[in-house]
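A.B. asks: Here's a sequence, model it:
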Amino acid sequence: MRTEQVDVAVVGGGPAGLAAALSAKESGAQHVLLIERGDTLGGILNQCIHDGFGTKLMGEALTGPEYARIFIDRLTDIGVSIKLDTMVLDISPERELVICSHDGLIRVKAGAIVLCTGCRERTRGAIRIPGTRPAGVFTAGVVQEYMNIRNLSVARKAVILGSGDIGLIMARRLTLEGVKVECVAEILPYPSGLARNIVQCLEDFGIPLHLSTTVVDIHGNDRVEGVTLAQIGPRGGVVRGTKSYVECDTLLLSVGLIPENELAKKAGIELSPVTAGPIVDDQFQTSIPGIFCGGNALQVHDLVDYASMESEKAGRSASTFADDGRLPSPIIKVLPGQGIRYVVPQEVSGNESVDFSMRVKSPETDRYIVFKRGEQVIRRMRQIELAPAAMIRMRVRSDRFQGSSDPLTVEVAD
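C.D. replies: Take a look at the predicted model:
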């Protein structure tokens, strides 16, 4: 097995990996290697033909392929090395990768590694829907690829379970292609997707959204013939007398995303029990020095721009580490408080301003997001609408971290 030495190795060629590789190269890393298991760069962006990408980062609404192409062209121009059709088979805490490509097995010794492996969809098995196992049960992302990449029709009459953004977007896409979308069912008492997608993808097309509702049975042998829906009570059980049969030939699942963390686990990286991604500091460095993480492998994002922004920081940090092996040590713990589900990063050094991202536990209106050190409020921002589906980003200046070693707590307050 031959050995290759690189300054920064980036695993994953989706939006996060593209941003991290470009940033690492622009920050001075001489040899940046981008590793992608698919045959093209861009990841999920290639099948997202709707617009809305780039509004935060580039100031315009682009389609997924357009957004990806901007990064790919810049990577090519700046001289980032790219390996496609390449799998990472192993990773060590000493920043060594074993990869398998058309060139055979290669050991890659890296000054720093950035994990941008993205996420995957939850399947029927993950949520344990009872019933038969006919054809016609798909995750929303698979249907998106079938329709937008392969030009294949998958349904005539569909029910969508879960109001995640991919499911909402596919409700509109299916309708535009002549499919009758009977309804979207959401087990939670509030939508899981962005408000704009509820309006643009459901309300504008007259597609009903049933909250506190789920699929309790799938009918059909060779092909889905229908599903049984039922309302879910506040304690999680089926409400008696609410079951209803809906005829359909397809069930789409949009029931959440899970970070791809197998490599992080193999490297021994500490993971968050809430996000399922690595615990990181304000340099996006994991618990293993020199291994960084960004994008949906770290936390599931609602906007690709935010995934790119944090991965750019991860790439810059990786370049700095590869150059001298040192970064500011994290000394301040960051903890989610009242009403906050999680906050990233989970540790900060206090030496520079930090862009925090977080999600609330439940919908709120006219509240404040408050950062506290002990009893001292160091940052406070009013939020008219708070929703678990919408990631909140707030910057805290470096001077606000000074004068105390107390943990930083983030909470929702009046």
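A.B. asks: By mean pLDDT, which helix or strand of this protein comes out lowest?
C.D. replies: When the helices and strands of the chain are scored by mean pLDDT, DSSP states H and E, helix 124-127 comes last with a mean of 90.
A.B. asks: starting at the chain centroid, how far to that one?
C.D. replies: Here the centre of helix 124-127 is set off from its chain's centre by 19 Å, with Cα atoms, centre = their mean, to the nearest Å.
A.B. asks: Does anything pack onto the very next helix or strand once past it? Which helices or strands?
C.D. replies: As assigned by DSSP states H and E, the chain's next helix or strand after helix 124-127 is strand 137-139. Strand 137-139 sits against strand 250-253, with contacts defined as 3 or more Cβ pairs under 8 Å, 6 or more residues apart in numbering; DSSP states H and E. Any C-beta I mention is one placed from the backbone N, CA and C, and that applies to glycine too.
A.B. asks: what ranges do the strands span in the stretch 51-200 of the chain?
C.D. replies: Assigned strands in the stretch 51-200 of the chain, in chain order: 81-83, 87-91, 96-101, 104-115, 119-121, 137-139, 157-161, 180-185 (criterion: DSSP state E, counting those that start in this stretch).
A.B. asks: count of neighbours near Gly136?
C.D. replies: 18 (other Cβ atoms under 10 Å).
A.B. asks: what does the least confident helix or strand of the chain contact?
C.D. replies: For helix 124-127, contacts defined as Cβ atoms under 8 Å, 6 or more residues apart in numbering pick out 137, 253, 255.
A.B. asks: so the first one makes contact with Leu251?
C.D. replies: Yes: under the criterion of Cβ atoms under 8 Å, Val137 lies in contact with Leu251, with a separation of 4.9 Å.
A.B. asks: Could you say which helix or strand holds the nearest residue to Ala110 once chain neighbours are set aside?
C.D. replies: Excluding the flanking residues, the one nearest Ala110 by Cβ to Cβ, 6 or more residues apart in numbering is Ala9, at 4.0 Å. Using DSSP H and E, Ala9 sits in strand 2-11.
A.B. asks: Let me know the angle separating that strand from strand 87-91.
C.D. replies: On the basis of axes from the mean of the first three to the mean of the last three Cα atoms, to 10 degrees, strand 2-11 is oriented at 100 degrees to strand 87-91.
A.B. asks: Could you identify the helix or strand that succeeds strand 2-11?
C.D. replies: Following strand 2-11 toward the C-terminus (DSSP H and E): helix 15-26.
A.B. asks: Which of the three states applies to the residue nearest the centre of the chain?
C.D. replies: In the chain, the centroid-proximal residue (Cα atoms, centre = their mean) is Val300; its distance is 2.5 Å. The three-state label given to Val300 by DSSP: H, G, I helix; E, B strand; the rest coil is coil.
A.B. asks: Mind listing the residues bridging to the residue nearest to Ala110?
C.D. replies: Leu33, Ile113 (DSSP bridges).
A.B. asks: and it, what does it touch?
C.D. replies: Contacts for Ala9 (Cβ under 8 Å, 6+ apart) come out as 32-33, 35, 95, 97, 108, 110, 112-114.
A.B. asks: Which single one of those residues is nearest to Gly162?
C.D. replies: Lowest distance from Gly162 to the contacts of Ala9 (Cβ to Cβ) belongs to Val114, with 30.3 Å.
A.B. asks: Tell me how far Gly277 lies from Asn261.
C.D. replies: Using Cβ to Cβ, to the nearest Å, Gly277 is found at 6 Å from Asn261.
A.B. asks: Quick check: neighbours shared by those two?
C.D. replies: Each of 271, 297 lies in contact with both Gly277 and Asn261 under the rule Cβ under 8 Å, 6+ apart.
A.B. asks: picking up where we left off before, between the contacts of Ala9, which has the most around it?
C.D. replies: When the contacts of Ala9 are compared by neighbour count (other Cβ under 10 Å), Val114 ends up highest, at 35 neighbours.
A.B. asks: Could you report the pLDDT at the nearest residue to Pro189 once chain neighbours are set aside?
C.D. replies: Distances taken as Cβ to Cβ, 6+ apart put Ser212 closest to Pro189, at 4.9 Å, once the chain neighbours are dropped. If you check Ser212, the pLDDT there is 97.
A.B. asks: who's in contact with Ser212?
C.D. replies: Counted by Cβ under 8 Å, 6+ apart, Ser212 has contacts 186-189, 231-233.
A.B. asks: hmm, back to that, distance from the chain centre to the strand holding Ala9, please.
C.D. replies: Taking Cα atoms, centre = their mean, one finds the center of strand 2-11 at 25 Å from the center of the full chain.
A.B. asks: just stretch 350-366 next, same as before
C.D. replies: Counting by Cα atoms, centre = their mean, stretch 350-366 comes out at 16 Å from the chain centroid.
A.B. asks: before we move on, what about stretch 186-198?
C.D. replies: 17 Å.
A.B. asks: Show me what counts as buried in that stretch.
C.D. replies: 186-188, 191-194, 197-198 (16 or more other Cβ atoms under 10 Å).
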